[in-house]
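S.K.: dropping a prediction and its sequence here:
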Amino acid sequence: MSDLVKRIYSLYGTVIFFGTFFLLFPIFLLTIQVPGWKKYGRKLNRIWSKVFFSMLLIRVKFENLNLIKGHRQYVIVSNHFSYLDIPVLGLIPHDLVFVGKASLGKIPIFGYMFRNLHIAVDRNSLKSRGASIAKAKEAMDEGSSVVIFPEGGINSTHPPILSRFKDGAFRIAIDKQIPIIPITLSYNHLILPDDGRFLLRYKKAKVVIHPPIEVKGLDGKAIGKLKEKSHQVIQQQLLADNPAATIELLADTI
């Protein structure tokens, strides 16, 4: 795909992104304003994601979706290499509250929805990070599952190689005694790389849901092991799905 075609495709994607949100905004506003209706707003997120990817003609393939049970709550942790990660994970048929960076809340239309239905955090502020953990626990008390990117944002300089994981997601899982589900987003970094150019590529997306990691009876001493296990599970899948890129990246780092 030439740069010109990518730019046209990206422009089309931008129009679809904002256009569909603009059309749905009155309904989003209603779900935000009516007490107890925010879960319906998050369902509307899922409808929007389906429309968005359908109009982009991007197929999103899920593996092991059956591992997420509708009646259970989870702390979902995933790699984060692309701005497509939240819309892709938003396709999961579950009530998910995302913890995302504060800058998402500044995006026109989308930002208002995100600030009110999900959790925006300024990762440079200790106070904001503490408040986001409290809000995540509150969302779980209300019956939702939470999605946290344990790399702390799009931090990897060499996708598909993960950055180090932070403690927050695993501490929340232990405090609430809620199982962790690692998820691998295999190709989002190829479809929309975080390279400053904001050019979409046409490619099938892949989401691999890994078996839940139970935390029942564990305390804070287990955070390190939980981080290591989740990191390993996601990284192994990324290496398996991106063998050529992985070999090239590893060669560059030697």
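M.R.: Thanks, I have the structure now. Residues are numbered from 1 along each chain as shown.
S.K.: what segments of this structure are helices?
M.R.: Assigned by DSSP state H, the helices in the chain fall at 3-33, 38-56, 85-89, 110-117, 126-141, 168-176, 188-191, 223-241, 243-253.
S.K.: weakest of those by average pLDDT?
M.R.: When the helices of the chain are ranked by mean pLDDT, helix 243-253 comes last with a mean of 68.
S.K.: list the buried residues in stretch 132-142.
M.R.: 132-133, 135-137, 139-140 (16 or more other Cβ atoms under 10 Å). Where you see a C-beta, it was placed from the backbone N, CA and C, and this is true even at glycine.
S.K.: format those residues as TSV; extra columns: distance to Ile180.
M.R.: Listed next are these as TSV, based on distance: Cβ to Cβ, whole Å:
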residue	distance to Ile180
Ser132	17
Ile133	15
Lys135	19
Ala136	13
Lys137	15
Ala139	16
Met140	13
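S.K.: mind saving the C-alpha coords of stretch 99-113 as CSV?
M.R.: Written as CSV, here are the backbone C-alpha positions of stretch 99-113 (Å, rounded to 0.1, in the frame of the first residue of the first chain):
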residue,chain,number,x,y,z
VAL,A,99,-8.2,3.1,32.2
GLY,A,100,-6.6,5.3,29.6
LYS,A,101,-4.3,8.4,29.4
ALA,A,102,-5.8,11.8,30.1
SER,A,103,-5.1,13.0,26.6
LEU,A,104,-7.9,10.8,25.3
GLY,A,105,-10.3,13.0,27.2
LYS,A,106,-9.2,15.9,25.1
ILE,A,107,-10.3,14.4,21.8
PRO,A,108,-13.4,16.2,20.4
ILE,A,109,-16.6,14.2,21.1
PHE,A,110,-14.8,11.0,21.8
GLY,A,111,-13.1,12.6,24.8
TYR,A,112,-16.3,13.6,26.5
MET,A,113,-17.6,10.1,26.2
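S.K.: ok, how many other residues are close to Tyr83?
M.R.: By the criterion of other Cβ atoms under 10 Å, Tyr83 has 16 neighbours.
S.K.: then Arg72?
M.R.: By the criterion of other Cβ under 10 Å, Arg72 has 12 neighbours.
S.K.: equivalent analysis for Leu4, please.
M.R.: Around Leu4 there are 8 residues (other Cβ under 10 Å).
S.K.: distance check, it against Leu126.
M.R.: For Leu4, the distance to Leu126 (Cβ to Cβ, to the nearest Å) stands at 45 Å.
S.K.: ok, now Tyr74?
M.R.: Taking Cβ to Cβ as the measure, Tyr74 falls 26 Å from Leu126.
S.K.: which of the two has more residues huddled nearby?
M.R.: Shown here are Tyr74 and Leu126; by other Cβ under 10 Å, Tyr74 has more neighbours (23 against 9).
S.K.: residues in contact with the residue nearest the centre of the chain?
M.R.: By Cα atoms, centre = their mean, the mean C-alpha position of the chain lies nearest to Ile86, the distance being 3.9 Å. Going by Cβ atoms under 8 Å, 6 or more residues apart in numbering, Ile86 touches 98, 100, 104, 147.
S.K.: same check on Gly41?
M.R.: 27-28, 31-32, 113, 116-117.
S.K.: most neighbours out of the residues you listed, which is it?
M.R.: Met113 (24 neighbours).
S.K.: how much space separates the residue lying closest to that residue once chain neighbours are set aside from Leu11?
M.R.: The shortest distance from Met113 to any non-neighbouring residue, by Cβ to Cβ, 6 or more residues apart in numbering, is to Phe28 (4.9 Å). From Phe28 across to Leu11, the span is 24 Å (Cβ to Cβ).
S.K.: next: Arg72.
M.R.: Relative to Leu11, and taking Cβ to Cβ, Arg72 is found at 41 Å.
S.K.: cool, Val233 as well?
M.R.: Val233 is 37 Å from Leu11, by Cβ to Cβ.
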